[in-house]
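Trainee: test case, fold it:
(chains A and B)
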Amino acid sequence: MSQFTEDDIRKALASDTDKAFRMIIDLYGRKLYWHIRRLVITHYDADDALQNTFLNAWKKIGSFRSESSLLTWLWSIATNEALNLIRKRGRENTVSLDDVEGILSSSAEGSTWFDGDAATVKLQNAILKLPDKQRAVFNMKYFEEMSYEEMSAATGTSVGALKASYHHAVKKIEQFLDGD
Amino acid sequence: MKLNEETGKENPFRVPDDYFSTLSDRTMAAIRETENLRNDGDQPSELPAGEPGDKGHRKPGIVASLKPFLALAAAILGFAILAAALVRLINVDRPGLLPGTGNSLYADLAAEEIDTYIIEDELNITETVIPEMTEENIASEAIIDYLMTEDIDLNEIYELL
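Mentor: Numbering: from 1, shown residues only, chains lettered A, B, ... in the order given. Below you'll find the predicted structure:
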């Protein structure tokens, strides 16, 4: 577990960028990985998107405004990378990938890094039926338990719109789960 | 079915062993590699980064990427124009090879030949008739000259006579 805070990273950024960036990865790498992984499903895609997230963050670290939260800034980069990868995969695949088994079977890793039970698979399939951005909103609120204010800062969407989006997502998922 | 009641928040996803413990090393190595690639591909710029006109980290535009092909096309066009001019210069004294003049010249020559035949026909010009060689119209000197050139022995002639 990391022993430092975001304030320590801000201080390190002023003197040693390499050290500060390692601290960023150690502090937020795990959190960002799981956010991406729930969106893209496979480990290899999640690893790709996470590497790209940190590469982009490294390039833009000079333009990062110190008054905003480092985590929400990284969150917005990670969300964009994940959604871009989903769109790319959608173009590459001729079959619709809106269930976990389909995505895993079409990937090289198969189900190596997935071992959910029937109820979990069913929930993941229901989440995959949501539009991409609504899926990101649902995951942030339901699994990562972010506040609407944090989500607003990460997505650039108003708190009201995020609340409405999450409410609709929950309704759709419950309908899907009741349907089978 | 209500969320949370039956579904829970269990994470069904797994990661390879040591994935997170090696994440910062792998990520920093990837960043260094990307930085090196970018530095290798960069052209030296005299302008400071971020200034207008600084192309240090920009992707080349369409015109810039097509520049070599445009230069090649211009060179080929220039060579073709020079070659055409050279051919015209060399063949200026050879009307038959020059387009547009050769055909008319041959036509003129053919017309002249035809005209000659027509005139000959109209004037009833025939070949000169060579008079038949007879003993009466052959001069004695001519006979003697013939015999001299053919190296015939006069004694043989006398004997025959």
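Trainee: could you use CA atoms for every contact and neighbour count after this?
Mentor: Noted.
Trainee: what about A:F176, neighbour count?
Mentor: Using other Cα atoms under 10 Å in any protein chain shown, A:F176 has 17 other residues around it.
Trainee: who in chain A is up against chain B?
Mentor: Counting by Cα under 8 Å from any Cα of the partner chain, chain A comes close to chain B at A:22, A:25-26, A:29-30, A:37, A:41, A:43, A:51, A:54-55, A:58, A:113-117, A:119-121, A:123, A:143, A:170, A:174-175, A:177-178.
Trainee: need the residues of chain B near chain A, please.
Mentor: Counting by Cα under 8 Å from any Cα, chain B comes close to chain A at B:1-3, B:6-7, B:9-16, B:20, B:23-24, B:27-28, B:30-31.
Trainee: in helices, which of these appear?
Mentor: With helices taken from DSSP state H, the overlap with the residues of chain B next to chain A comprises B:23-24, B:27-28, B:30-31.
Trainee: return a ChimeraX selection command for the buried portion of the residues you listed.
Mentor: Here is the ChimeraX selection string for the buried members of those, based on 16 or more other Cα atoms under 10 Å in any protein chain shown:
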select /B:23,24,27,28,30,31
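Trainee: ok, back up a step: buried subset of the residues of chain A next to chain B?
Mentor: A:22, A:25-26, A:29, A:37, A:41, A:43, A:51, A:54-55, A:113-114, A:116, A:120-121, A:123, A:170, A:174, A:177.
Trainee: point out where chain A drops to low pLDDT.
Mentor: A:1-2, A:65-67, A:93-98, A:105, A:108-110, A:180 (pLDDT under 70).
Trainee: what ranges do the helices span in it?
Mentor: For chain A, the helices defined by DSSP H cover A:6-15, A:17-40, A:43-60, A:70-92, A:100-106, A:118-128, A:132-142, A:148-155, A:159-179.
Trainee: just give me how far the fifth one sits from the chain centre.
Mentor: Taking Cα atoms, centre = their mean, to the nearest Å, one finds the center of helix A:100-106 at 19 Å from the center of the full chain.
Trainee: got it, and the third one?
Mentor: A distance of 11 Å separates the centroid of the chain from that of helix A:43-60, by Cα atoms, centre = their mean.
Trainee: and it, what does it pack against?
Mentor: For helix A:43-60, the elements it packs on are helix A:17-40, helix A:70-92, helix B:23-41, judged by 3 or more Cα pairs under 8 Å, 6 or more residues apart in numbering or on different chains; DSSP states H and E.
Trainee: identify all contacting residues around that helix.
Mentor: Contact partners of helix A:43-60, identified using Cα atoms under 8 Å, 6 or more residues apart in numbering or on different chains, comprise A:21, A:25, A:29, A:32-33, A:36-37, A:40, A:74, A:77-78, A:81-82, A:85, A:109, A:113, B:14-15, B:27, B:30-31.
Trainee: ok so, going back, just the buried ones from the residues of chain B next to chain A, in ChimeraX syntax?
Mentor: Buried residues within those, as defined by 16+ other Cα under 10 Å, are selected in ChimeraX through the command that follows:
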select /B:7,13,14,15,20,23,24,27,28,30,31
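Trainee: out of the residues of chain B next to chain A, which sit inside strands?
Mentor: When those are checked against strands (DSSP state E), there are no matches.
Trainee: and the helix or strand harbouring B:A83, what's buried?
Mentor: B:A83 belongs to helix B:62-90 when assigned by DSSP states H and E. If you call a residue buried by 16+ other Cα under 10 Å, then helix B:62-90 has no buried ones at all.
Trainee: same question for it, mean pLDDT?
Mentor: Across helix B:62-90, the average pLDDT comes to 82.
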